[in-house]
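J.: Okay, sequence plus prediction incoming.
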Amino acid sequence: MKNNELITQDELQEERLFNSSLGRRSFLQFAGASAAGIALMAAGCRKDRNYGDTSTGATLDFKDDFGVLNYAYALEQLEAAFYVKVASAPPSTFTTAQKAYFQDIQFHEVAHREFFKNALGTAAIGSLEVDFSSIDFTSATSVLGAAMAFEDLGVAAYNGAGVRIKSTDYLVLAGKIVSVEARHAAYIRDIISNGTFADLASLAPLGAVNASGLDGALTPDKVLAIAGKYVKTKINVINL
């Protein structure tokens, strides 16, 4: 957890990003009235929740839709932190187009993260401390490999969590987000190896079924086990 630490350059970059006209515009267009709806419903659940207390880590309680929304928020925090770091200092071998596209993905992920944070309000889990020590941010190969891993896992996470969402409004929202994550995943894969954007066979470990044209889907416990490599904050899961 980050307690009373000096603000890092990445955090300053995030603040500049979200306060920019493009960041604000992207967020407002994405969130619309949905954030207000979620916040209103979440308000009734805050009295018996303690998501904001990160003294013992973050707790994801899957007893209702808000547990799923916090799960999505946790994953979006991870992705946003990664892309902000890449966009602020991309590998030297990145092309101009690649730098621009990674900036675009950064805007999307920050918008997703801020949407969940603002919608859930005090019912949201705290900020997670990430661990990207296994990624060499000066290497295009390392960065692209990590980006592919994050995007593929993100798609599988949303697909696997859909069955747990009871509200049709939230399910539609999740569908709008996962489709964007899938666009990111396809783009990253094509940069790594041209023409592999639809390679479902390689996604079998994430639950994809190539013969049926079905993308990956993993349960939250499996997703968190994989993502745990990049998160220092302890994540507690209950009622899964």
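T.: Yes, it's here. Numbers count the residues shown, from 1 in each chain.

J.: so where's the protein uncertain?
T.: Per-residue confidence of the chain (counting by pLDDT under 70) places the weak regions at 1-55.

J.: Repeat the analysis, applying 90 as the threshold.
T.: In the predicted model of the chain, residues 1-57, 118-119, 122, 194-199, 202 satisfy pLDDT under 90.

J.: tell me which element the most centrally placed residue in the chain is part of?
T.: Central residue check for the chain by CA atoms, centre = their mean: the C-alpha nearest the mean position is that of residue 76, 2.0 Å away. Under the assignment given by DSSP states H and E, the secondary-structure element containing residue 76 is helix 65-88.

J.: Residue 189 now?
T.: Following DSSP H and E, one finds residue 189 within helix 168-192.

J.: and that helix, how far from the chain's centre?
T.: 10 Å (CA atoms, centre = their mean, to the nearest Å).

J.: And the helix or strand hosting residue 117, what does it pack against?
T.: Assigned by DSSP H and E, residue 117 falls within helix 96-120. Applying 3 or more CB pairs under 8 Å, 6 or more residues apart in numbering; DSSP states H and E, one finds that helix 96-120 makes contact with helix 9-19, helix 21-31, helix 34-43, helix 65-88, helix 168-192. Bear in mind the C-beta positions are built from the backbone N, C-alpha and C, glycine included.

J.: let's see 6 Å
T.: Where contact means 3 or more CB pairs under 6 Å, 6 or more residues apart in numbering; DSSP states H and E, helix 96-120 is packed against helix 21-31, helix 34-43, helix 65-88, helix 168-192.

J.: What's the first helix or strand after the last one?
T.: Under the assignment DSSP H and E, the closest C-terminal helix or strand after helix 168-192 is helix 220-227.

J.: outside of that following helix, which residues touch it?
T.: Applying CB atoms under 6 Å, 6 or more residues apart in numbering, the external contacts of helix 220-227 come out as 71, 153, 157, 235.

J.: ok, back up a step: give me the angle between the helix holding residue 117 and helix 65-88.
T.: Taking axes from the mean of the first three to the mean of the last three CA atoms, to 10 degrees, helix 96-120 and helix 65-88 form an angle of 150 degrees between their directions.

J.: buried sites along the next helix or strand after helix 96-120?
T.: Later in the chain than helix 96-120, the nearest helix or strand by DSSP H and E is helix 140-161. Neighbour-count burial for helix 140-161, counted by 16 or more other CB atoms under 10 Å, picks out 140, 143-144, 146-161.

J.: Can I get helix 140-161 in CSV? Just the C-alpha atoms.
T.: Included here for helix 140-161 are C-alpha records, laid out as CSV according to Å, rounded to 0.1, in the frame of the first residue of the first chain:
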residue,chain,number,x,y,z
ALA,A,140,9.7,-3.5,-26.8
THR,A,141,9.6,-7.3,-26.6
SER,A,142,9.1,-7.2,-22.8
VAL,A,143,6.5,-4.4,-23.0
LEU,A,144,4.5,-6.0,-25.8
GLY,A,145,4.6,-9.4,-24.1
ALA,A,146,3.2,-7.9,-20.9
ALA,A,147,0.6,-5.9,-22.8
MET,A,148,-0.6,-9.1,-24.5
ALA,A,149,-0.8,-10.9,-21.2
PHE,A,150,-2.8,-8.1,-19.6
GLU,A,151,-5.2,-7.8,-22.4
ASP,A,152,-5.8,-11.5,-23.0
LEU,A,153,-6.3,-12.0,-19.2
GLY,A,154,-8.6,-9.0,-19.1
VAL,A,155,-10.9,-10.4,-21.8
ALA,A,156,-11.0,-13.8,-20.1
ALA,A,157,-11.7,-12.1,-16.8
TYR,A,158,-14.7,-10.1,-18.0
ASN,A,159,-16.1,-13.1,-19.9
GLY,A,160,-15.7,-15.3,-16.9
ALA,A,161,-17.4,-12.8,-14.5
